[in-house]
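Chemist: predicted model and sequence follow; I will ask about them next.
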Amino acid sequence: MSEYPYLFSPLKIGSTIIPNRINFAAHLTNLSENHQISDAHIHYYMERANGGCGLITTEELTVHPSDLAYAKLVDAFVPEVIPGFLKLTRAIHGTDTKIFAQLNHNGMQADGKISRLPVWGPSPGKDPLFREMAKAMEIEDIRECIAYFAKSARYVVEGGFDGIELQLGHSSLIRQFLSPASNFREDEYGGSFDNRLRFCLEVIAAVRKTIGNEFTLGVRLNADEMHPKGGLTHRDAKKVAKCLDDAGLIDFINISLGTFHNLFLVEGSMHTPLAYTTPLSAGIRSVVNLPVYATNRINDPHLAEKILENGQGDMVNMVRALIADPDLPNKARYGKSEDIRHCIACNQGCIGRMGMGYTIGCMQTPCAGNEQTLGKGTLSLCDVPKKVVIIGAGPAGLEAARVAALRKHQVILFDKNDAVGGQNLIAAKAAGRQEIQGVTRWLSSQVNKLDIDVRLGCRADAEMILRENPDAIVVATGSTPKNNPFPGQYQFPQVVNSIQILTGQVMAGPAVLVIDLNGHHHGTGTAEFLANQGRKVHMLVPSLFPGSALGPLQDLFLTSQRLARKGVTCTPDIAVLEIQGTLVKGLNVYSNEMIDFEGYDTIVCIAGNMADDRLYFELKDTGKEIYRIGDCLAPRLTDSAITDGHRIGRRL
Amino acid sequence: MKNTIWIWIHQRDGLIDDITFGLVQEARELAADMADTVSIVAIAMGIDLNDPLDDDQENANPLNLLGGCGVDRVIQFKGSSASTYHGESVARALSGVMEKERPLFFLMAHDADTADLAPRLAAMLQLQVVTRAVDLSVNDQIPTAVRPIANGHLFETRTYNCRTSLIVTLLPNVLVSSGREPDQERYRDEKNNIVIHQIDLQQNEEQDFKTRIISTIEAEPENLDITEADIILAIGRGVGKQAGNETALDSVYELARLLGASVAGTRPVIDRGDLPFERQIGQTGKTVTPRLIINCGISGANEYTAGIEKSKQVIAINTDARARIFRFASLGIVGDFDLILPLLIKRLIQLKDIG
């Protein structure tokens, strides 16, 4: 019997039989072309269908021209979209996987920068992210919107989908009507609970009438807005769910939570617990007879199985888990759970890129979003096996070794440390960042399974490498923090870098000044690490606030909250000009005022790294095939290191 | 005669096991389902306890505790052998009383003993029996039980006629959740009201029985499934740093044997290949509910502690005094487990030697 009896049991939703309980839920991909389904879309979804997930729900398809919140939204309200739909659904139906289309109108959670039209909402108001005043919808607008939902639903049916999911979740016009935090209307669409529910029921009724009784239809319901002032509570959401169930027009309820007031809850980072929304799906499930989906940070089949077993949901949404590893379902099903590349919720490749308008990706693999060129089946055996020596077993070196060995090159991997992982292991020491070590966990597990000669604790020099007589050399020696990044007279151990703190090489004094030019987790993670050790920490940043790069990763809110709670203070807008002893001289970049920062026992500088490229230049003129990858090429983040490694692994 | 519901008193180390109070709770809910007044009778078998009439608080008979939870009467079989359960003799002793009293229900928690007793008793007296039930209720005077079938994929609801007694074993995990402590106030007031019937068990000769217990083979605690273990020794990344993995693991198993503990680990330990996946605790492993868990070299990441939340006593040993695991610990020790381990083993061996 399968290790996961619930996860791989089929489920009938409406008239659709889903082969297993894993749903690749709706999420933006920015893969569309001309507001239609693109080939990249089809490859992206096919990779997950081939990986064995039971259901795919497409990214939100917009139903009306007034909604163009994101440049790459797919328009479901024009008939031209149908051929793309058919191409997608025909491809997916070549597998056992079913596919639903999600229909949405983002309402006032948008602005008119792209459409050059006013945004529509139930009442005049501003979304905290887009900050544009919405036009309160007139009765005619409401009727038109309902008609467009129905029209789009017809195109979805003609496009060959198995079902429709209507978005009532964190970003949707229908939820804005439901919520007392955004609906202040005084007509029959606002005020009482029944009035706020009216628009939702009318949309559902109109869609149901268009698609007929046999076609599967459901909603993605916001199970709790967690709005600071009222809003839709979990109790309200249960009431909505009950009304929708009683109306008898829908077949399932998927859930989400939060709004743009608290987007960090919608796209929880590694600082949030695994499966943090399951109590809400369990709550909704307790009041309805329809299948309910559990969602958010369910990255492991054992966890998913447990949720199903506990009755906290009938389906399990996996999005980031399947972006990171499209084959998760099949690996789980066929006894290869230990090969799963777990999502670590770093949010760097997926949400971090998608939110900025770039195509979707994954920090752990460059294949995500590039399935056509890098996806399954694109890795070919090498023509002539080469003896490849890779120096440095950080993420870049490990990925290069893995890909090269898969292609049957003969690989020798050196690292000067006793364990693989490089700087990734140090990053995991920063406060709350343990999960980032999942990168090393997976890469090393794969490298250990392959025929790779791993030589740890071995500082390879040019002579030693040439003695191996390699056909190709890949230098992945990483980087080190800049020495003396600021002018002035100062020395170790009063002035140190974050690595020296995180590895415990230096114990900081009671009062610490952290200078962070980076804005990523290096600075805030080190500051919090020190605060956890009971140090009084002050930060100097050149930007408006600490953690300036964390916003798109949905890490900023919780990081700021934790730093504040732990007494970490900050002076923003400071350019550090020089350090003398432990005196730091800074310039306020707006007022041009000089400010002295003194009285600190330890100064921690996070001022960027320098490539450790000595070995590369020693070997460069030997006439061998040589590459350098990762930080020793240019110090960047983990995703670039892995992408470099992957690229060279394929090129060798 | 007044209607009664019987419950089986489960025991552990000479004391009443908490699960018994779950049975009392279930019996009370059943009684509430029925309009008639029903009294609850507890069956004590093989409990060699102090004299129930002893008034000394210190030595108060644990059976009196049941009075505080709503048990009206206890039938105690005296002179039974406490050490091993022998199905035939227990069933024979019970059948006589049961035929006389004709209880509406006889409730037991499902374990190795009752899995034998319930069907045996039912066959002897030609009564109805339902095993491994997860829910029991009375609807319009019709007893209704829900039980899992097909490996837990489906549940079936069964109804029974109410003319004869119904013997029920309930799955233990549906019984523990009530968490009701005996009501001490009520116990003080009512302890004199609880009636204890003592019945002397007839001593049967061994050859009267068709079955004989030759020996009981207990599972080695260190190999017991961690979800069923009473005591767990959990190891994390920090274990084996000093001494090396293999030496440390040998010592860990030695300690586990001395403690009667089952060995479990965190995900890095499983990744390292030191323990199999079945021994992983946490959100991506198993959820455990032991009476005692000792966390060694475990920092206590959220993903791990989610799996130990329902443990009763938590001990943590870690070098980092600020480790998150200490937030969950009832007893925290700051120190290197690799160094503490040999000392602990030495001390336990000394204690065992003293007896």
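Modeler: Looks like it arrived, so ask away.

Chemist: where's the residue in the stretch 201-350 of chain B positioned nearest to chain A relative to residue A:347, distance?
Modeler: With CB to the nearest CB as the measure, residue B:284 is the residue of the stretch 201-350 of chain B nearest to chain A, at 4.2 Å. No exception for glycine: its C-beta is placed from N, CA and C like everyone else's. With the distance defined as CB to CB, to the nearest Å, residue B:284 ends up 19 Å from residue A:347.

Chemist: got it, and residue B:41?
Modeler: Distance of residue B:41 to residue A:347, given as CB to CB: 60 Å.

Chemist: tell me which of those two has more neighbours.
Modeler: Residue environment comparison for residue B:41 versus residue A:347 gives the larger neighbour count to residue A:347, 24 against 21, counting by other CB atoms under 10 Å in any protein chain shown.

Chemist: got the contact list for the residue of the stretch 201-350 of chain B closest to chain A?
Modeler: Contact analysis of residue B:284 by CB atoms under 8 Å, 6 or more residues apart in numbering or on different chains lists A:274, A:300, A:302, A:303, B:267, B:303.

Chemist: for residue A:452, give the beta-bridge partners.
Modeler: Judged by DSSP bridges, the bridge partners of residue A:452 are residue A:411.

Chemist: what about it, how many neighbours?
Modeler: Taking other CB under 10 Å as the definition, residue A:452 ends up with a neighbour count of 22.

Chemist: so who does it touch?
Modeler: A:401, A:402, A:405, A:411, A:412, A:413.

Chemist: what about the closest residue to chain A within the stretch 1-150 of chain B, how many neighbours?
Modeler: Distances between the stretch 1-150 of chain B and chain A by CB to the nearest CB are smallest at residue B:150, namely 9.8 Å. The burial count assigned to residue B:150 is 9, neighbours taken as other CB under 10 Å.

Chemist: may I see the buried residues of stretch A:601-617?
Modeler: Burial within stretch A:601-617, assessed by neighbour count using 16 or more other CB atoms under 10 Å in any protein chain shown, is assigned to A:602, A:603, A:604, A:605, A:606, A:607, A:609, A:611, A:612, A:613, A:615, A:616.

Chemist: immediately after the helix or strand harbouring the fourth one, which helix or strand?
Modeler: For residue A:605, the element it lies in under DSSP states H and E is strand A:602-606. Counting by DSSP H and E, the element after strand A:602-606 in chain order, helix or strand, is strand A:609-611.

Chemist: which strands border that next one, and is each parallel or antiparallel?
Modeler: With DSSP bridges as the test, strand A:609-611 is paired with strand A:479-481 (antiparallel).

Chemist: contact partners of the partner strand?
Modeler: In contact with strand A:479-481 (CB under 8 Å, 6+ apart) are residues A:423, A:497-499, A:605-612, A:631-632, A:635.

Chemist: please identify which of the contacts of residue A:452 is nearest to chain B.
Modeler: Using CB to the nearest CB, residue A:402 comes nearest to chain B of the contacts of residue A:452, at 16.6 Å.

Chemist: how about chain A: which residue is closest to chain B?
Modeler: Taking CB to the nearest CB, chain A has residue A:300 as its residue nearest chain B, at 4.2 Å.

Chemist: look up phi and psi at the closest residue to that residue other than its chain neighbours.
Modeler: Spatially, and ignoring its direct neighbours in sequence, residue A:300 is nearest to residue B:284 (4.2 Å; CB to CB, 6 or more residues apart in numbering or on different chains). Geometry field for residue B:284 lists phi and psi as phi -100, psi 10, criterion degrees, to the nearest 10.

Chemist: before we move on, the earlier item: which pair of the contacts of strand A:479-481 spans the longest distance?
Modeler: Greatest spatial distance among those (CB to CB): A:605 and A:632, at 20.9 Å.

Chemist: from the contacts of strand A:479-481, which single one is nearest residue A:476?
Modeler: Comparing every one of the contacts of strand A:479-481 with residue A:476 (CB to CB), the shortest separation belongs to residue A:632, at 6.2 Å.

Chemist: show the pLDDT at that closest one.
Modeler: The score at residue A:632 is 95. That number is its pLDDT.

Chemist: what helix or strand is the residue lying closest to it once chain neighbours are set aside on?
Modeler: With CB to CB, 6+ apart as the measure, residue A:477 is the residue that lies nearest to residue A:632, at 4.5 Å, once sequence neighbours are left out. Element membership of residue A:477, judged by DSSP H and E, is empty: it is in no helix or strand.

Chemist: and residue A:477, how close does it get to residue A:619?
Modeler: Remark: distance between residue A:477 and residue A:619 (CB to CB) = 11 Å.

Chemist: cool, and residue A:183?
Modeler: Using CB to CB, one obtains 67 Å as the distance from residue A:183 to residue A:619.

Chemist: I figured residue A:167 hits residue A:60, correct?
Modeler: Yes. Checked against CB atoms under 8 Å, the pair residue A:167 and residue A:60 is within contact range at 5.9 Å.

Chemist: common neighbours of these two, please.
Modeler: Both residue A:167 and residue A:60 are contacted by A:26, A:102, A:103, A:104, under the criterion CB under 8 Å, 6+ apart.

Chemist: more crowded one of residue A:477 and residue A:619?
Modeler: Shown here are residue A:477 and residue A:619; by other CB under 10 Å, residue A:477 has more neighbours (27 against 21).

Chemist: that one contacts residue A:396, doesn't it?
Modeler: No. Taking contact to mean CB under 8 Å, the distance of 9.5 Å between residue A:477 and residue A:396 leaves them out of contact.

Chemist: what about residue B:158, how many residues nearby?
Modeler: Taking other CB under 10 Å as the neighbour definition, residue B:158 ends up with a count of 12.

Chemist: what of residue A:227?
Modeler: Taking other CB under 10 Å as the neighbour definition, residue A:227 ends up with a count of 17.

Chemist: can you pull the contacts of it?
Modeler: Applying CB under 8 Å, 6+ apart to residue A:227 gives the contacts A:179, A:181, A:259, A:261, A:262.

Chemist: and the residue lying closest to the first one once chain neighbours are set aside, how close does it get to residue A:238?
Modeler: For residue A:179, ignoring the flanking residues on the chain, the nearest one in space by CB to CB, 6+ apart is residue A:232 at 4.4 Å. For residue A:232, the distance to residue A:238 (CB to CB) stands at 11 Å.

Chemist: which one of the two has more residues nearby?
Modeler: Remark: of residue A:232 and residue A:238, residue A:232 carries more neighbours, 28 against 20, as counted by other CB under 10 Å.

Chemist: and stretch A:483-492, how far out from the chain middle?
Modeler: Between the centre of stretch A:483-492 and the centre of its chain there are 37 Å (CA atoms, centre = their mean, to the nearest Å).

Chemist: tell me the average confidence for it?
Modeler: The predicted model gives stretch A:483-492 an average pLDDT of 94.
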